[in-house]
Every structure is written in structure tokens, then in C-alpha cells.
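In: Mind folding the following:
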Amino acid sequence: MTFRGPFRPHLNPRAIGLVVGLITVVGLSSLLISRAATPFLSLEPESGALNGMATPVTDPTASGGKAIRFNTTTTHTFVHPGITISKTDLDFVRSKVTAHAEPWTSELQFAASSSYASTSRAPSPMTDLSSSALEATFMNDAQTAYTNALLWYYTGNTAYATQAIRYLNAYATTHTRITFKSSSGSVVYGNGVLDAAWGAELWPRTAEIIRYSDAGWSPADATRFETYLKNVYQQLLIDGWTNGGNWQSSIAEGLINIGVYNNDEATYQAGLSRWKDKIVTSIYLTTDGQYPIPPSSTYKRPGDSGWNATNDIGRMWSYPARYVDGLVLDTCRDLSHAAMNLAAVTAGAETAYIQGDDLYTPYQSRLQRAIELQAGWINAYFDEVHDVANTVVGSNWMPANNWPCRWFMTDALNNTTPVQNPKNNAGGGALSMGWDIGFNHYAQRKGISMPQTRILVDRVLAHKSSAGTYRVGNHVAWTTLTHTGAP
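Out: Numbering: from 1, shown residues only. Modelled structure (predicted):
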């Protein structure tokens, strides 16, 4: 490693001695293969250039927001099971269920009585997921497999393990592709990337539990599932996509999950990098400036060179009347998509946390504020409709408290002027899902006050009618069971 020019590391002599001593004692190789997600030495760079086997990079967790990346490969010793739920988490809930403690016992009963808990229904894998007509079957099968995996671990009933394995093997041996674009580059199935992301969020969770719980899944089948994830999902997600916030968050989580299950450092790191990039472009803070940070050069802020109505960053954000701390990119579209976005963000952060990479702390100002702000608006919605189960309000309803949107929008990316959603609703059942992970970390583990999120989590737990409907959907499932009070 060579520093050249006036680019100087701001390390005092004691710090330098510590670094030298560390290298001397444990060896340079040990330093480079540490458990850190990125081998950074925090610096405050000045002018000049850094040459050699290192690169200056942006890192919001480092001093001055900058760091030096050593150009070496970091190797994790991945924690298993470790996708969204750790062994400690699984054992915690199992102990609560064994002791008949609440709310875990009731939540387990809801899961076991849902249609997803069937131990007899056959999977219906398709060779090619290439149309919306197949999406419901695909997602239902993924949720069924995951529900059975959870029930196997919490109850010890091998029928659930057998059913989960049945689904995992059926998809690994039958499902060979998701057709998003044709060979000529035209879009065949617009939701192809989103379905790949949702699949990559759900299937590795199931496989991770089954593989590391003595469920009877053969090593050969578990290895074949690695190939399935790589060939069908990873290759479609690795380059990302330009669509809205919830897509991007699900892509990031999906890559993180594949990386963990496949013990694939490069894919895991790609997921972490995408997560870090997208959280700052899909959750707004006033410190970002008058307008949000654009996700790429495709979109521009008013006043930027080359700005026009087509590339206006406001289109991506569904034309809010103003930007407020904690606003989520999807919120002015509808609250349900904002909830889906945050569910993917917190699930990805939880997996990284289990793997020893803390995303929660350096991005707390964005993430915790976003969770609490959106929870408050969703509580206002549920106050209006009087029930978690109701999802329609009057055509002119909007939250009263600090609401920054003109109204709920429709198809903003295809309109260069604001267009009101004729239904003007806040979304669907996803409003109530996935809040437990972020709340558990910030409020339960860290003791941060989150009164609106607490109200929302408690009212979902209190909703007993058709419970599964408001706990399972798309890429989210049973967080009320898996993450309430998780250590």
C-alpha cells in the first residue's frame, strides 16, 4: 500500500502504532479477511491521489464520509441459519410457543390454520415465469414453503419439513427461467424483475431454515438449490433495474439472501452495496437538499443542467407538494407500496445484522424516521376505516398530520404532470405487514421511542379475523410471529 501526494491519513502516532502492531501480531492477511463487510480504513482525505492496491471510496459510516478500500477480497464466515432469522431468533420463538406465551402462541396458531400451512397441497412450479397469470401461483407456492419451514422448526412436526422440501425440490428441478425480456431486448413480462426479487427474498429464507435444521433435506438437493438461485434469480437481479423504490429494495434484499445461502461473498456484497445506495435515494432527509438524491443520472433535480419535465426527480416520487424528513419514495403513490419498500429494507438490514454487518446504525436517521412517519399515516388510515381489514376510504381522504402529498397518485412515471389515482386509496393489505422487524430493532433492542409504530404493530397483533390475510403477502410473511421481541 502506497500513499502519494498530499493525501494523508489523519491518524495520530498512537493510532499508527496500533495499526502497525495489529498487522504485526495478526498478520496482514488476517486483517484483510476480517468479518467487516468492506475492509475500510477511515480517513479524512485531502487533495491529491492515492496509488497502489487501495481506492478512496464514499462511506457514510467513516470519518468525513470517506474511506480507503483495500483492493482485496473480504471473506465472510457466513452465519447459518442467517437469512432474516437467526438460530437464536428461531429458538426464542420456539421457547415462547413451548411455554404457551403470547402473542407467539396465537400467531403460531394463525400460521398453522392458514391455507399456506397445508401439508398435502402439491406445488405447481412452472418452467418459465413469463406472465402475470402465473405470478399468484408462484408467490403462493413460495409462501407455502416458507410457512411450512417455520412450522417445522417451531413445532418439530416432520410433516411440515417434508412439505417444505417437496416445494424446494419441485422448483429447483422444474423452474428454469423468468422471462423479463426477449432476445431482441423487448419487455415480455414487465413484472419479471420484481417477481425475481420477491422469489429471491422468500425462497432462500425457506431453504436456509430447512438446510440447517436437520429437516432431512439431502446435501445434494440443498446444493442444487444454490444453482437454482444463481441461474434463475441472481442473473436477473445482479444488474438491477430502474423502477421504483420497492423494486429496488426487494432486489437488494434478494441479492443479500442469495449471497448468504450460496456462501457467495460477491453477491452478498453486491446486495449490501445496492441496499446502501437505494436507502439514500428512496428515503428523504432535509440534509439531502431541497430535493431527494437522484438514483442515477436518469433523473435530475429542478435546477440541474439538462433538467426537463420528463427526467424530473419529482416523477419518481409521485410529485409531492413538499419533501419532509422520512418521506419514502413510494408514499405519494400509496402507503401500501411504501410499506412494501420498508419491509424489504428492514429485512435486508436484519440479515446483514445477523451476518455481522450493521446497517441499522449508520442509516438510523433515515430508516427509523421513515418507519415512524409512515406508521403514523397508516394509523390515521386505519382510524378512518375503523379496522385493519378495511382498505377503502372516501375519494378525497388523505392523512391530516404533516401530509406532504397532493393526493395519492397513479402511474406517475408515465406522466409528466401529476395525475390523481381515481380510487385515491392508500393501497391494499400490505399496509399492515412487515413492521415488526424495524420496530423490534430500534424500539426493543435499542430502546428508541417509536410510539406510532408501536400502535401499528399492536393493532395488527390484535386483529384476529382472517389473520393470515394481514400477515402474509408478496415478499412479507409472519413477521408478527418471527420478530416480535426477537433478541
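
In: Setting aside sequence neighbours, what's the nearest residue to residue 448?
Out: Spatially, and ignoring its direct neighbours in sequence, residue 448 is nearest to residue 442 (4.6 Å; C-beta to C-beta, 6 or more residues apart in numbering). The way it works is simple: take the backbone N, C-alpha and C, and place the C-beta from them, glycine included.

In: per-residue confidence for the spatially most central residue of the chain?
Out: Central residue of the chain (C-alpha atoms, centre = their mean): residue 344, 2.5 Å from the mean position. Looking at residue 344, its pLDDT stands at 97.

In: buried stuff in the helix or strand harbouring it?
Out: Using DSSP states H and E, residue 344 sits in helix 335-354. Across helix 335-354, burial judged by 16 or more other C-beta atoms under 10 Å covers 335-354.

In: separation between the residue nearest to residue 448 and residue 219?
Out: As for residue 442, its distance to residue 219 is 38 Å (criterion: C-beta to C-beta, to the nearest Å).

In: For those two, indicate the residue with more neighbours.
Out: Applying other C-beta atoms under 10 Å to residue 442 and residue 219 shows that residue 442 carries more neighbours, namely 21 against 8.

In: Quick one: low-confidence residue ranges for the chain.
Out: For the chain, residues meeting the criterion pLDDT under 70 lie at 1-75, 242-244, 386-396, 410-425, 427, 465-469.

In: Leaving aside the residues adjacent along the chain, what's closest to residue 236?
Out: Per C-beta to C-beta, 6+ apart, closest to residue 236 is residue 196, 4.4 Å.

In: and after the strand or helix carrying the one you found, which helix or strand comes next?
Out: Element membership for residue 196 (DSSP H and E) is helix 192-211. As assigned by DSSP H and E, the chain's next helix or strand after helix 192-211 is helix 219-228.

In: Can you list the buried residues in that next one?
Out: Across helix 219-228, burial judged by 16+ other C-beta under 10 Å covers 221-222, 225-226, 228.

In: Over to stretch 183-199?
Out: Buried residues in stretch 183-199, counted by 16+ other C-beta under 10 Å: 189, 191-199.

In: how many neighbours does residue 363 have?
Out: Counted with other C-beta under 10 Å, residue 363 comes out at 20.

In: got it, and residue 408?
Out: The number of residues packed near residue 408 is 22, by other C-beta under 10 Å.

In: How about residue 358?
Out: Neighbours of residue 358 (other C-beta under 10 Å): 15.

In: Would you mind measuring from the closest residue to it other than its chain neighbours to residue 246?
Out: Nearest non-adjacent residue to residue 358, counting by C-beta to C-beta, 6+ apart: residue 352, 7.3 Å away. Distance of residue 352 to residue 246, given as C-beta to C-beta: 19 Å.

In: How about residue 114?
Out: Using C-beta to C-beta, residue 114 is found at 24 Å from residue 246.

In: And the two? Which one has more around it.
Out: residue 246 (28 against 21).

In: show me the residues around the more buried one that make contact.
Out: By C-beta atoms under 8 Å, 6 or more residues apart in numbering, residue 246 lies in contact with 330, 337-338, 340-341, 344.

In: hey, where'd the helices end up in the stretch 151-300 of the chain?
Out: 158-174, 192-211, 219-228, 235-237, 245-261, 265-282 (DSSP state H, counting those that start in this stretch).

In: Residue 295 is nearest to which of these?
Out: Taking C-beta to C-beta, helix 265-282 is the member of these nearest to residue 295, at 4.1 Å.

In: buried ones in that closest one?
Out: Within helix 265-282, the residues scored as buried using 16+ other C-beta under 10 Å are 267-272, 274-282.

In: quick one: contacts for the nearest residue to residue 368 once chain neighbours are set aside?
Out: Distances taken as C-beta to C-beta, 6+ apart put residue 442 closest to residue 368, at 4.9 Å, once the chain neighbours are dropped. Shown in contact with residue 442 (C-beta under 8 Å, 6+ apart): 360, 364, 367-368, 371, 448, 450.

In: same deal with residue 292?
Out: Residue 292 neighbours (C-beta under 8 Å, 6+ apart): 281, 284, 301, 313, 317, 323, 329.
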